[in-house]
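>>> I'd like to go over a predicted model; first the sequence, then the structure.
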Amino acid sequence: MKIYIVGLLLVPMLSIFAFAQSPLAVGNSQLNIGVGLSEWGIPIYGGIDYCVEKDITIGGELSFRSYNERNNNWKKKDYYRSTIIGISGNFNYHFNSALKISRKYDLYAGLNLGFYTWSTPDGYEGDHTSGIGLGVQVGARYYFSNTVGINLELGTGNAFSGGKFGLSIKL
């Protein structure tokens with residue numbers, strides 16, 4: 001009888017871990033905003049992720065940064081201002097179901113495809129673009145409520161090579 005009672009209590013408890021859910025349900029979206037790491041100024045970004053299939057999201061992102069760079073020989077000024085604007089799309093796989101992680105956390109990895117423009121004053125290096133670039137990212141989120149969390153992402157191959165930190169808000 002004791003084994004039967006223990007079994008009745010243990011099965012539901014184990015099924016809670018066995019059926020871990022993705023933090024974002026199919027058909028739902030989340031907004032991501034924050035700052036990045038870069039050698040050229042501090043980028044700010046905003047983007048959205050959309051869950052297309054269990055554990056799979058696609059998204060888009062816009063970024064902006066502006067910074068001053070020192071140059072003593074340019075038009076008798078000791079600096080000039082550059083501006084970088086980027087746009088990218090991403091594809092992520094979320095490991096919550098595979099690793100049986102709580103919905104409070106979100107561990108993901110994926111690919112991004114992006115493009116950015118780099119504007120500098122006339123007479124200096126001039127404007128240029130990145131062309132289309134492919135990159136990878138690995139990230140994690142911690143949701144401290146049902147709809148709001150913090151995120152940290154490390155990546156390469158795009159305007160945020162290095163990383164970014166911010167808020168994620170489920171819509």
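On my side now, so go ahead.
>>> just give the nearest non-adjacent residue to Ser82, would you?
The shortest distance from Ser82 to any residue other than its chain neighbours is 4.8 Å, reached at Thr120 (Cβ to Cβ, 6 or more residues apart in numbering). Every C-beta, even on glycine, is put in place using the N, C-alpha and C of the backbone.
>>> thought Tyr80 was touching the one you found, still the case?
Yes - the criterion here is Cβ atoms under 8 Å, and Thr120 meets it with Tyr80 at 6.4 Å.
>>> mutual contacts of those two, please.
Applying Cβ atoms under 8 Å, 6 or more residues apart in numbering, one finds that no residue jointly contacts Thr120 and Tyr80.
>>> show me where the protein has its helices.
Assigned by DSSP state H, the chain shows helices spanning 2-18, 96-99.
>>> lowest average pLDDT across the ones you listed?
The weakest mean pLDDT among the helices of the chain belongs to helix 2-18, with a mean of 42.
>>> confidence score at the most centrally placed residue in the chain?
In the chain, the residue lying closest to the centroid (Cα atoms, centre = their mean) is Glu153, at 5.4 Å. pLDDT, Glu153: 93.
>>> ok, now which ones touch it?
Per Cβ under 8 Å, 6+ apart, neighbours of Glu153: Gln137, Val138, Gly139, Ala140, Phe160, Gly163, Lys164, Phe165.
>>> what does the pLDDT read for the first one?
Read that as Gln137. 92.
>>> ok, the spatially closest residue to it that is not a sequence neighbour to Ile84 distance?
Nearest-residue entry for Gln137: Gly155, 3.5 Å, with adjacent residues in sequence omitted and distances by Cβ to Cβ, 6+ apart. Distance of Gly155 to Ile84, computed by Cβ to Cβ, to the nearest Å: 16 Å.
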